[in-house]
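J.: The amino acid sequence is not available; the structure is as follows:
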DNA sequence: GCCGTTTTCGGCCCGACTGTTTTCAGTCG
């Protein structure tokens, strides 16, 4: 069974090779497009193909790509990719990630010297051979040499939460400069994507060159890459790229829209504009030479016949169609959250006592929380035994008497064992209000059956894919099947707010919502301050199109109790 | 390779920056 991500990766690799081969750029784009469509889809392509769904109904997929995707799903292979791989050495693809080297120059180098690896490329750059090629000057050679060294670092994206502090610090720094009116951080940061490749910062200021001069003096700037009349790029000491762009007040909305992206969303917006005889760029919306909109994003959307679309939705995952047909979601907000169903205390591997967690929750205006410490299998990692659980339940009763303003639900995070059973007996579990279940070990192989069985007994499936961003990939399982069963059994799907988990991922959230599942945005806090991580989970939920009614922990306590059948 | 109430051929988003040029190609976002 192949995942959407794997299909997308095959198509995208094919695009890389076609590009190096010198194919028609628009053909290359068609492959990249298809890769993005598959990766961003909230439908499982494996299933679509099996059901005989006509893929050409998807805009961007035609007769050829439809049959190619079918081939990939059915055989796990793609003949065109295999042919290209025979023809083009893999080293050339690696070169694509070197800054300054694109398909044309790579081709040029290959044709001239038959260079097929990064090591050889380094050799030719150092011995002066590359200089002989037209268009290759000393600066470019230097850039290539630097790129060869850095290539391993390339491709790692920063966790959203890891750039948050730095982004806000730069925002403050820029506002200190005289004449700066607006600073906004656009790009994937504004779309709240789980990882961020770079920061795109827009400034409206009287004198941009002066702001740029001030910007590149920011304390964490390691290297100035470029500094132009409207745009400057720097690298910070943690290798994060930051782009600063000058924008005029009249164009602010158009620029904010343009630089917020995503690219796929923008392309769709421009197509709509063309249909109306308009042109959209970062300066505004134009009819002929006349600018008709651009001061605000609302103006831009209105000009092309749309309502405002929240940044988190701008991924070309159906938001434009939803807007045209009036079913855009009213996204969940921080203020809507009334509780948290997953947190740890000193009973397992948490740093704080139950009472400290309760106080913090009250401080956050929560109406209810669930205490869910680890169960016994994780005794090695400070899980609880049955006896410890029973004494914890008594302690919760005592604390509950003291704090009437909040309902403390009795819960546990049980382990889903290899065969799908849980590591506490039914008798013990019956004493609890809420059972959070999760897989914590043995991630190899198809996990579908294991999870399906566990869904019979748990209330919440915690961090369902078990991925750790940049570290561990998701488990292999048929999530569409799991979501259907979760809906049937009223099992809530967790959106785990830990910045490196954010599990479920956004496309799965949307898939599950369309199936009709309910969700809980949980902090999985291991100390009381971590309860505030919930904001990262909210970001993720918004990217998955969730509304208040989809998120159980934004409901009134009585509705939660009814849904979970708590007595 | 995709797409289509001006089109089944001929378009395909578009501008900034760099490095190399001496008017522009390649790359990037």
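T.: It's in. This is a predicted model, so every value here is computed, not measured. Numbering: from 1, shown residues only, chains lettered A, B, ... in the order given.

J.: Next, report how far stretch A:451-469 is displaced from the centre of its chain.
T.: Centre-to-centre, stretch A:451-469 and its host chain are 20 Å apart (Cα atoms, centre = their mean, to the nearest Å).

J.: Span of it from start to end?
T.: 21 Å (Cα to Cα, to the nearest Å).

J.: hang on, residue A:513 packs against residue A:544?
T.: Yes. Counting by Cβ atoms under 8 Å, residue A:513 does reach residue A:544; the two are 6.6 Å apart. Any C-beta I mention is one placed from the backbone N, CA and C, and that applies to glycine too.

J.: neighbour-wise, which of these two wins?
T.: Each of residue A:513 and residue A:544 has its neighbours counted (other Cβ atoms under 10 Å); residue A:544 has more, 27 against 21.

J.: what about that one, distance to residue A:496?
T.: According to Cβ to Cβ, to the nearest Å, residue A:544 and residue A:496 sit 13 Å apart.

J.: Overlap of the contact sets of the two?
T.: Common neighbours of residue A:544 and residue A:496 (criterion: Cβ atoms under 8 Å, 6 or more residues apart in numbering): residue A:504.

J.: Which parts of the stretch 151-300 of chain A are helices?
T.: In the stretch 151-300 of chain A, the helices defined using DSSP state H, counting those that start in this stretch lie at A:160-175, A:187-190, A:208-215, A:252-260, A:263-275, A:297-303.

J.: Can you point out the buried residues in the last one?
T.: In other words, helix A:297-303. A:297, A:299, A:300, A:301, A:303 (16 or more other Cβ atoms under 10 Å).

J.: Show the average pLDDT along the helix or strand that it is followed by.
T.: Counting by DSSP states H and E, the element after helix A:297-303 in chain order, helix or strand, is helix A:319-324. Averaged across helix A:319-324, pLDDT comes to 91.

J.: before we move on, what SS does residue A:371 have?
T.: Look at residue A:371: counting by DSSP: H, G, I helix; E, B strand; the rest coil, its state is strand.

J.: so it touches residue A:343, yeah?
T.: Yes. Between residue A:371 and residue A:343 there is a contact under Cβ under 8 Å: 6.5 Å.

J.: intersection of neighbour lists for those two?
T.: Joint contacts of residue A:371 and residue A:343 (Cβ under 8 Å, 6+ apart) are residue A:357.

J.: any weak-confidence spans in the stretch 251-400 of chain A?
T.: A:377-382 (pLDDT under 70).

J.: and it, which residues reach DNA strand B?
T.: Residues of the stretch 251-400 of chain A lying close to DNA strand B by Cβ under 7 Å from any atom of the strand are A:263, A:266, A:267, A:270, A:271, A:274, A:279, A:281, A:282.

J.: Turn the buried ones among the residues you listed into a named PyMOL selection, would you?
T.: To isolate the buried ones among those in PyMOL, judged by 16+ other Cβ under 10 Å, type:
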select buried, chain A and resi 266+270+279+282
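
J.: okay, the residues of the stretch 251-400 of chain A next to DNA strand B in a markdown table with distance to residue A:140 next?
T.: Shown next, in a markdown table, are these (distance: Cβ to Cβ, whole Å):
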| residue | distance to residue A:140 |
| --- | --- |
| A:263 | 26 |
| A:266 | 30 |
| A:267 | 30 |
| A:270 | 32 |
| A:271 | 35 |
| A:274 | 36 |
| A:279 | 33 |
| A:281 | 29 |
| A:282 | 27 |
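
J.: Mind telling me which residue of chain A is nearest DNA strand B?
T.: Closest approach between chain A and DNA strand B, counting by Cβ to the nearest atom of the strand: residue A:137, at 1.8 Å.

J.: For chain A, name the helix or strand with the lowest mean pLDDT.
T.: Lowest mean confidence among the helices and strands of chain A (mean pLDDT, DSSP states H and E): helix A:138-150, at a mean of 82.
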